[in-house]
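Got a predicted structure here, sequence first:
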Amino acid sequence: MERIKVPLDSLDKPGILQEMCYLLASAADAVDRLEDIHRVVMEREAVLSTGVGSGIALPHGKCPGLDRLEIVAGTTREPVDFDSVDGAPVRLVVMMVGPPSAAGYHVKTLGHISRALRDEDLRARLTSAEDAARFRQFILDSGA
């Protein structure tokens, strides 16, 4: 469950992004790349918020030095302002960072995650998960 954190400790957008970057770097055995991972995620966030609406944030970036696409997820304790496109606060965060060479796969995977999370019932189950094991089981049960 090192790729899922339920709930996240942070209570604001900058803290959540930092916490998710650390989770991703740790899971990818790339803690030495943490600053680079955080920088690319923040650069992407500065272009346009990754708060995509319906309580979901999909922060992502391309980071040289990573061998493959890495994905982590978590839920917030309380709704968090994320400058989302619909103005709604975020409860569910899925972060994806990979090497620049995987750009096509990156976009395809981001689309797959986005489509899966359109399912209102799945979003509700994920945000209500009491721990990482339950969160993971909801994903497996959904076939996403």
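Now that the structure is in, tell me what you want to look at. Numbering: from 1, shown residues only.

just the helices in the protein please.
Under the criterion DSSP state H, the chain carries helices at the ranges 13-27, 34-47, 103-116, 120-128, 132-142.

would TSV of the ones you listed with mean pLDDT, mean neighbour count and distance to Val93 be doable?
Bear in mind the C-beta positions are built from the backbone N, C-alpha and C, glycine included. Below are the helices of the chain laid out as TSV (pLDDT from 0 to 100; neighbours: other Cβ atoms under 10 Å; distance: least, Cβ to Cβ, whole Å):
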stretch	mean pLDDT	mean neighbour count	distance to Val93
helix 13-27	97	19	6
helix 34-47	97	16	11
helix 103-116	91	13	11
helix 120-128	96	16	10
helix 132-142	94	15	12
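
who wins for proximity to Thr76 among these?
With Cβ to Cβ as the criterion, Thr76 lies closest to helix 13-27 of these, at 6.7 Å.

Using PDB, write out the CA atom coordinates for the closest one.
C-alpha atoms of helix 13-27 as PDB (Å, rounded to 0.1, in the frame of the first residue of the first chain):
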ATOM      1  CA  LYS A  13      -2.900  22.300  -1.900                       C
ATOM      2  CA  PRO A  14       0.800  23.000  -1.600                       C
ATOM      3  CA  GLY A  15       1.100  20.500   1.300                       C
ATOM      4  CA  ILE A  16      -0.800  17.800  -0.600                       C
ATOM      5  CA  LEU A  17       1.300  18.200  -3.700                       C
ATOM      6  CA  GLN A  18       4.500  18.000  -1.500                       C
ATOM      7  CA  GLU A  19       3.200  14.900   0.300                       C
ATOM      8  CA  MET A  20       2.100  13.200  -2.900                       C
ATOM      9  CA  CYS A  21       5.500  13.900  -4.500                       C
ATOM     10  CA  TYR A  22       7.200  12.300  -1.500                       C
ATOM     11  CA  LEU A  23       4.900   9.300  -1.700                       C
ATOM     12  CA  LEU A  24       5.700   8.900  -5.300                       C
ATOM     13  CA  ALA A  25       9.400   9.300  -4.900                       C
ATOM     14  CA  SER A  26       9.500   6.800  -2.100                       C
ATOM     15  CA  ALA A  27       7.400   4.200  -3.900                       C
END
